[in-house]
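> need a structure here:
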Amino acid sequence: MTENLSVESKLAKQEIDYIKIFKIVLSRWYWIVGCIFISFTFFLIKLWYTPPVYSTNASLKFDEKKSEISELLKVSNYYDRTNKVQSETYVIQSEAVLLHAISNLDYKISYFLKGRIRSTETYPQVPYPIEIISQDTSDFNRTVFSISNAVNGGYILTTLVNGKSQEHHYNFDDTLKYPGLVFKIKSSSAPDGSLYTFNFNKKEDFLGRVAGGLSMREAGKGSNVLLLSQTDVNSTFCADILNAIVREYVNFDASQRSLAASQTIEFIEGQLKFLSDQVERTGQALENFKQRKKLVDINTSTQSSLTKITQQEAQKDLLKFEQMAISQLEQQILNNKDKLTLNFNIEGSSGGSLSTLITQLNALNIERDQKLLQFNVNSKPIQQIDEQIIELKKSLIQNAKTAKERNNKTLRYIEAQLDLAQQNLNTLPSAERDFIHLQSDFDINQKVFTYLSEKKLEAQISKAAVIPGSTIVNLAAPGWQISPIPEKFYSSGLLFGLLAGLGIIFLVRVINPYIYDKETVENLTSTPIIGIIRKFPDYIDINNRQILSLEKPKSIFAESVRSVRTNLSFLATEKKSKIICITSEIAGEGKSFVTINLASTLALIEKKVLLIGADLRRSKLHKTFDVDNTNGLSKYLSNQEELSNIILHTDIENLDFIPSGPVPPNPSELLHTDKVRELIKGLTDVYDFILIDTAPVGLVSDSIPLIRQADINLFVIRSGVSKFNAASIPDRISKEYALNNVVVVLNAFSDDTLHSRYYSTNYSSSYSASSYYYSDYSGYAGSGYYTEDDKPKWWQFKRKFFKKF
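Numbers count the residues shown, from 1 in each chain. Alright, predicted model coming up:
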């Protein structure tokens, strides 16, 4: 009975081998070195072409300082903020502050020095001073001019017109006219042979550059110091623009704080100009009347009536001024102004509530501007603030309306009192009555003029009391380079190259569909591996005329074949003559090569071996032995030849050979006949080993009847040729045909570890009686046992070379 060779239906237990992982990476070290070289070169070129970026810092301190006047008068204004540092960052980044800061620099013309790799801005140096005679701001000229010194004096100016370069020679101080632009170039401080370009700018052209490089943060949590940073490709410009920004912000802050007082002063000055003329005219009329009527004084009752009328008329005029201020406030609200001011002090009526509402509305507008930098107009936080602004404006309009109604009632009452006083005056003599009218007009104008002058003085004192809420702590120095940092580029190139090399190794392994090592086979099938045949390192004839196990018996390859031969002795031990069927999944996996070399090694141990070419479709065994294939197995099975005529004796002692013969029209049917079984049964009486080279089992079914008759079935898997699904075929054959004699041979195994598995098999917990000892012979080439594989190392060659001298 055939020995039971089946194994338990479980795969080998495998564990991660970190040494193997290292060897996998090391096997393609030149890929990693090549990737590092390419990456390093790329980053080096990028370093050359990347313009340097500079950074500089300045700092502002926010504090609510009060002057002695403000302490004396208790002056305050709505512009104070609770969260000073956070809110003022939005003001500093505002377009108004940045544009005013840019206007303080020499921004109108930019000069660039053209280099072989890139152009560099020359700010603040001016190689060619230019005088702008006229410039059309609506049709701004965006031409880029190239300029260089001429050999014979003057300069050469090049422009691009309609895609064509136009070059002209000019002398210094020549007037140049272009669309929307007239200018002259005064002189040159540029070295000969240098090429420069220049262009004309608007302030707005620098907004993106300045705002993009500006950043701010608190010096510390809860601190009132703001650190400002500016980055730019020009170190001097970087410092100049940041200093201009902090100075402009301080001025802007002071002007905003004094804005209400300035508007009040402007409003009162307009009224005083008119009243000054009125006072002078009424005073002159009163003086003329006294001289003409020779009046020196009037009686007490008349004087009392005059005083009363004067006070009421003055009160009436002041109420009209209040009405005018309230109307201006209503107009500001209707015009949706972001900032409201009350240009006249109406405290005592409804001015207190109006001032409070104005302060709240202005604070909400500032908060809305801050949040617009983070949210869009339709976002919920902005909509909530808009709703609050609408409600405050409604309250302001309602309070203003109430104040106007109250003033109108007061005006009607005063007018009624003036009517009564006028009736009393009508009872006086005409001379006194006219005198009272003239005196009243003069006193009213004089009183209102005095009142407004006092208000103007108060506003001027309030304006003088306002000082900036911030102080410049440190101005910016010329910037230092922050990028590119060469060390970072070099390390990035090294790291990127290393990762790219490892990534390529990983990618090649991931997309690899082929089997390369025994661990892969063990992971995919429970069929035992009987041995590993090494890949022969030298040239192999396409027809396998070299029986390498005989030609080079001291090679690792020959030893690996002998290892398979040894393990075959443990299979089917009860059989006196063993029938061994060799197959594979597809053609090209080396089944014929394995068959020949295995047969030759069996013949060396004085075993009678018969090699049968049973691949009736495309056998190559006859080419190996250099015999004619016109007579062989196919003719015997088709009853065209006798057995004795198809058995050939080879040059190798104890090794006979039956070629496949001509390709028949029905190869599969011939191999399913009873004559095949009778042939094999008869040959077992003559030969110790019968090796049958069959057709690939994955392509045709010709080999199935031979597999079922064999004592041992060798399934050949070729390293680097057989795909993963090939490893499942031995299990399928065993299961489908109830076989327990299928074993695997891994053919053409090499030391290339790129595609090898990164784990090792734990045989102690995986196999028991059904495992076989074999080696892959990795790393043993220089051990001295395989002399035909020994090659001198490079250091040994050098040692021999130097010994000659």
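
> and residue 209, what does it touch?
residue 232 (Cβ atoms under 8 Å, 6 or more residues apart in numbering). Yep, even glycine has a C-beta here, placed from its N, CA and C like the rest.

> show me where the stretch 101-250 of the chain has helices.
Here the stretch 101-250 of the chain has its helices, by DSSP state H, counting those that start in this stretch, at 207-213, 235-257.

> which SS class is residue 739?
Secondary structure, DSSP: H, G, I helix; E, B strand; the rest coil: residue 739 is coil.

> mean pLDDT lowest for which of the helices of the stretch 101-250 of the chain?
Note on those: helix 235-257 shows the lowest mean pLDDT, a mean of 89.

> Quick one: list the elements packing against that one.
strand 53-62, helix 84-92, helix 95-103, helix 207-213, strand 225-232, strand 470-474 (3 or more Cβ pairs under 8 Å, 6 or more residues apart in numbering; DSSP states H and E).

> run the last query once more with 6 Å
Secondary-structure packing of helix 235-257 (3 or more Cβ pairs under 6 Å, 6 or more residues apart in numbering; DSSP states H and E): strand 53-62, helix 95-103, strand 225-232, strand 470-474.

> Make a markdown table out of these and add distance to residue 487, mean pLDDT and mean neighbour count.
Formatted as a markdown table, the helices and strands packed on helix 235-257 follow (distance: least, Cβ to Cβ, whole Å; pLDDT from 0 to 100; neighbours: other Cβ atoms under 10 Å):
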| stretch | distance to residue 487 | mean pLDDT | mean neighbour count |
| --- | --- | --- | --- |
| strand 53-62 | 16 | 92 | 20 |
| helix 95-103 | 34 | 92 | 17 |
| strand 225-232 | 19 | 93 | 20 |
| strand 470-474 | 29 | 88 | 16 |
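
> would TSV of these with distance to residue 111 be doable?
What follows is those, written out as TSV (distance: least, Cβ to Cβ, whole Å):
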stretch	distance to residue 111
strand 53-62	18
helix 95-103	17
strand 225-232	16
strand 470-474	30
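
> For residue 248, find the nearest of these.
helix 95-103 (4.3 Å; Cβ to Cβ).

> got any ranges where the stretch 301-450 of the chain has weak pLDDT?
301-306, 308-310, 336-352, 370, 373, 420-441, 444 (pLDDT under 70).

> and residue 669, what does it touch?
For residue 669, the contact set (Cβ atoms under 6 Å, 6 or more residues apart in numbering) is empty.

> quick one on the thing from earlier: burial-wise, tell me which of the helices of the stretch 101-250 of the chain comes out on top.
helix 235-257 (a mean of 20; mean count of other Cβ atoms under 10 Å).

> and the helix or strand just after it with helix 235-257, angle?
Toward the C-terminus, helix 235-257 is succeeded by helix 259-293 as the next helix or strand (DSSP states H and E). Relative orientation of helix 259-293 and helix 235-257, computed by axes from the mean of the first three to the mean of the last three Cα atoms, to 10 degrees: 50 degrees.

> Same list (the helices of the stretch 101-250 of the chain) but as JSON lines, adding distance to residue 634.
As requested, the helices of the stretch 101-250 of the chain are exported to JSON lines (distance: least, Cβ to Cβ, whole Å):
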{"stretch": "helix 207-213", "distance to residue 634": "84"}
{"stretch": "helix 235-257", "distance to residue 634": "90"}
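
> lowest-pLDDT helix or strand in the chain?
Of all helical and strand segments in the chain, the minimum by mean pLDDT, DSSP states H and E falls on helix 68-73, at a mean of 43.

> For residue 412, which of the helices and strands packed on helix 235-257 is the nearest?
With Cβ to Cβ as the yardstick, what comes closest out of the helices and strands packed on helix 235-257 is helix 95-103 (45.7 Å).

> show me what contacts residue 123?
Contacts of residue 123 (Cβ under 6 Å, 6+ apart): 234, 237.

> What's the local residue count around residue 399?
A total of 19 residues lie near residue 399 under the criterion other Cβ atoms under 10 Å.

> low pLDDT regions in the stretch 451-600 of the chain?
462-468, 539-550.

> actually the stretch 651-800 of the chain, not the one I typed
761-800.

> from the chain's centre, how far out does the helix or strand that contains residue 602 sit?
Using DSSP H and E, residue 602 maps to helix 591-604. Distance of helix 591-604 from its chain centroid, counting by Cα atoms, centre = their mean, to the nearest Å, is 61 Å.

> now stretch 194-209
For stretch 194-209, the distance to the chain centre is 28 Å (Cα atoms, centre = their mean).

> quick revisit: I'd like to know which of the helices and strands packed on helix 235-257 lies nearest to residue 415.
Within these, the stretch nearest residue 415 is helix 95-103; the backing value is 46.8 Å (Cβ to Cβ).

> and the angle from that closest one to helix 84-92?
70 degrees.

> Show me what helix 95-103 is packed against.
By 3+ Cβ pairs under 6 Å, 6+ apart, helix 95-103 packs against helix 235-257.

> ok, now with 10 Å
For helix 95-103, the packing partners by 3 or more Cβ pairs under 10 Å, 6 or more residues apart in numbering; DSSP states H and E come out as helix 84-92, helix 207-213, helix 235-257.

> Helices along the stretch 701-805 of the chain, start to end?
Remark: helices assigned in the stretch 701-805 of the chain by DSSP H, counting those that start in this stretch are 704-709, 729-736, 794-803.

> list the buried ones in the shortest one?
Applying a neighbour-count criterion of 16 or more other Cβ atoms under 10 Å, the buried positions in helix 704-709 are 704, 705, 706, 707.

> could I get the helices and strands packed on helix 95-103 as CSV with distance to residue 717?
What follows is those, written out as CSV (distance: least, Cβ to Cβ, whole Å):
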stretch, distance to residue 717
helix 84-92, 70
helix 207-213, 62
helix 235-257, 67
